[in-house]
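Novice: Pasting a predicted model and its sequence here:
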Amino acid sequence: MAKPVFDIKVPLRYQIKDTKIEVIGVCKITEDGGQCWNPQGVIDKALTSSTLARFGKGGDLGQTPLPVVYGKKNRIVLTRIRTSTSKFEPRLQLCMASYREVEMHRQNPQLDLTPLNPVVRDLYYVTSELRDTISSLYALVTEPVGQSPNLALVEGATIQFDGLQVKVVEINPVGDSWTIELQLTGKVKPRRRLVATVLDSNGKTIEQVDSAGRPVTNEFVKNSLREFQQTLTENPDNLRPPPLFNTGKPGVDSQTDSKVIFSTYTNPKHIGSMYLAGSKVWTIEVTGIPLDPIKKR
């Protein structure tokens with residue numbers, strides 16, 4: 001398995017504003033007991049005791065089978081994650097193991113470490129090669145970028161948004177929809193995940209469109225479908241197809257650091273402008289996780 005490329009590499013801990021992740025320890029659980037050590041590889045008796053109280057024989061989760069892969073090195077990585085619930089702050093999600101691991105599983109047992117330490121809510125079962133001595137975890141961080149100024153839907157039109165210049169390159173029909181290609185220049189790192197909203201000439205959001213790409217109100221859609229259902233009930237032999245409506249919100253066809261292509265069912269001649277929103281996205285590799293304790297001399 002090829003090792004992913006990460007935007008940031010940090011040993012054992014990462015923090016941005018109020019969002020952070022840190023490795024608390026690593027454990028090896030066996031049928032006869034187990035052993036835990038801190039991020040520096042030193043055996044931690046308190047951590048071992050509290051972990052075995054949950055996963056050992058007679059523990060709360062003692063009957064829960066651990067995802068052991070025979071012939072591999074199996075470990076539990078204990079992490080403490082604090083991520084913001086605010087839509088305006090960065091958020092962090094721990095996704096996977098990244099150093100030759102063939103498998104990783106996650107549980108949320110709310111493991112109490114010691115009376116002085118916060119609860120650990122995330123355990124990761126890491127399976128690696130027997131020869132491996134260190135491991136790492138992969139985290140994804142997203143940070144909202146707010147809303148852009150309105151961008152006229154005219155080829156060549158530009159706006160400044162979150163350190164970027166956004167330019168309308170071209171607009172093309174594709175079947176019953178249209179594509180809108182935007183060019184991004186400037187501070188393209190970290191990369192963005194962008195979404196678009198289209199507005200009519202009065203600056204009102206286009207929610208739905210008919211089969212010709214003309215904006216229609218939600219009330220119009222409800223009435224049209226109600227009338228069709230009533231006609232069908234009164235005349236079951238009427239084979240007229242139901243009216244077709246599509247969402248007016250564009251979807252993302254493709255996106256790179258320097259280009260994003262949106263597709264929309266809204267006919268561009270009915271679009272006055274559009275605006276962008278979304279998030280900055282970057283990946284973190286939390287490195288240096290010891291898969292074995294330090295051997296005493």
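Specialist: On my side now, so go ahead.

Novice: where in the stretch 151-297 of the chain is pLDDT low?
Specialist: Applying pLDDT under 70 to the stretch 151-297 of the chain picks out residues 238-241, 296-297.

Novice: Quick one: the helices in it, in order.
Specialist: Assigned by DSSP state H, counting those that start in this stretch, the stretch 151-297 of the chain shows helices spanning 218-234.

Novice: can you map out the strands along it?
Specialist: Assigned by DSSP state E, counting those that start in this stretch, the strands in the stretch 151-297 of the chain fall at 151-152, 158-161, 164-174, 177-186, 191-199, 208-210, 215-216, 245-247, 251-255, 259-264, 273-290.

Novice: Any idea which of the ones you listed gets closest to residue 81?
Specialist: Nearest to residue 81 among the strands of the stretch 151-297 of the chain is strand 273-290; the distance by CB to CB comes to 10.6 Å. Glycine gets a C-beta too; all of them are placed from N, C-alpha and C.

Novice: May I see the buried residues of that closest one?
Specialist: Buried residues in strand 273-290, counting neighbours by 16 or more other CB atoms under 10 Å, are found at 273-280, 282-290.

Novice: ditto for stretch 22-31
Specialist: Applying 16+ other CB under 10 Å to stretch 22-31 flags 22-29 as buried.

Novice: What of stretch 150-169?
Specialist: Going by neighbour count (16+ other CB under 10 Å), the buried part of stretch 150-169 is 150-151, 153, 159, 161-162, 164, 166-168.

Novice: now stretch 36-54
Specialist: Neighbour counts using 16+ other CB under 10 Å place 36-39, 41, 44, 47-48, 50-52, 54 of stretch 36-54 among the buried residues.

Novice: quick check, nearest of these to residue 196?
Specialist: residue 39 (43.0 Å).

Novice: Got the domain ranges for this structure?
Specialist: Recorded structural domains for the chain (assignment: automatic domain parsing) are 8-144, 151-280.

Novice: Make a markdown table out of these and add distance to residue 294.
Specialist: As requested, the domains of the chain are arranged in a markdown table below (distance: least, CB to CB, whole Å):
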| stretch | distance to residue 294 |
| --- | --- |
| domain 8-144 | 4 |
| domain 151-280 | 36 |
